[in-house]
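>>> quick one: sequence plus predicted model below, questions after.
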Amino acid sequence: MEGLVLIKQFLGHGSFKGRIVSVEVVDDEKVLKVAYDDDDDEEELDEGEIMGLLGFYGDGLHQRVIDAISPAFDYLEIRLTGLCQAQFDCTHSYAICRVLRLFDPSYIAEHEANQSQSVNLPSPFLLQWIEVGS
């Protein structure tokens with residue numbers, strides 16, 4: 001978030017352009033320091049105050065963006081879970097991707113660190129894949 005520019009209205013003084021210059025975590029909450037260009041003034045704001053000032057969340061644009069991209073994720077989920085017509089089914093491609101994660105060092109490190117989670121392999125697919133490959 002550092003470097004983001006925002007405009008804040010100060011009652012009786014007008015609007016001022018500010019820039020987020022630092023982000024700190026205090027008591028498990030983000031505190032963002034904003035420096036204003038016009039008078040070298042700085043203030044600390046929490047994340048909720050910043051989101052309102054950025055305009056992205058405050059003017060309804062955020063919800064319109066979410067509403068616009070949600071159907072794409074729904075479509076993708078239907079294709080990856082096989083809840084579509086057979087010719088559009090991508091469950092096999094998804095299974096390959098899940099197997100390939102085993103070669104990602106960060107994925108393995110995460111699952112080695114947390115032994116309570118098991119790595120869920122698509123075993124029927126693996127058996128079919130091994131048979132085809134041999």
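Yep, it's here.
>>> quick check: longest helix in this structure by residues?
Scanning the chain for the helix with the most residues, using DSSP state H, yields helix 61-81.
>>> for that one, packing partners?
Counting contacts by 3 or more Cβ pairs under 8 Å, 6 or more residues apart in numbering; DSSP states H and E, helix 61-81 is packed against helix 91-100. All C-beta atoms are positioned from the backbone trio N, CA, C, and that covers glycine.
>>> name the element Val25 belongs to?
Using DSSP states H and E, Val25 maps to strand 14-26.
>>> ok, residues contacting that strand?
Strand 14-26 has contacts (Cβ atoms under 8 Å, 6 or more residues apart in numbering) with 1-10, 30-39, 41-42, 50.
>>> circling back to that earlier point, the longest helix of the chain to helix 91-100, inter-axis angle?
Counting by axes from the mean of the first three to the mean of the last three Cα atoms, to 10 degrees, helix 61-81 lies at 100 degrees to helix 91-100.
>>> send the alpha carbons of helix 61-81 over as PDB?
What follows is helix 61-81, C-alpha atoms only, in PDB (Å, rounded to 0.1, in the frame of the first residue of the first chain):
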ATOM      1  CA  LEU A  61     -16.700   0.700  -7.700                       C
ATOM      2  CA  HIS A  62     -15.400  -2.100  -5.500                       C
ATOM      3  CA  GLN A  63     -18.800  -3.900  -5.500                       C
ATOM      4  CA  ARG A  64     -19.200  -3.400  -9.200                       C
ATOM      5  CA  VAL A  65     -15.800  -4.900  -9.900                       C
ATOM      6  CA  ILE A  66     -16.700  -7.900  -7.600                       C
ATOM      7  CA  ASP A  67     -20.000  -8.300  -9.400                       C
ATOM      8  CA  ALA A  68     -18.300  -8.200 -12.800                       C
ATOM      9  CA  ILE A  69     -15.700 -10.900 -12.100                       C
ATOM     10  CA  SER A  70     -17.800 -13.300 -10.000                       C
ATOM     11  CA  PRO A  71     -19.300 -15.000 -13.000                       C
ATOM     12  CA  ALA A  72     -15.900 -15.800 -14.400                       C
ATOM     13  CA  PHE A  73     -14.900 -17.500 -11.100                       C
ATOM     14  CA  ASP A  74     -18.200 -19.400 -11.100                       C
ATOM     15  CA  TYR A  75     -17.600 -20.500 -14.700                       C
ATOM     16  CA  LEU A  76     -14.000 -21.700 -13.800                       C
ATOM     17  CA  GLU A  77     -15.300 -23.600 -10.800                       C
ATOM     18  CA  ILE A  78     -17.900 -25.400 -12.900                       C
ATOM     19  CA  ARG A  79     -15.200 -26.400 -15.500                       C
ATOM     20  CA  LEU A  80     -12.700 -27.600 -12.800                       C
ATOM     21  CA  THR A  81     -15.200 -29.600 -10.800                       C
END
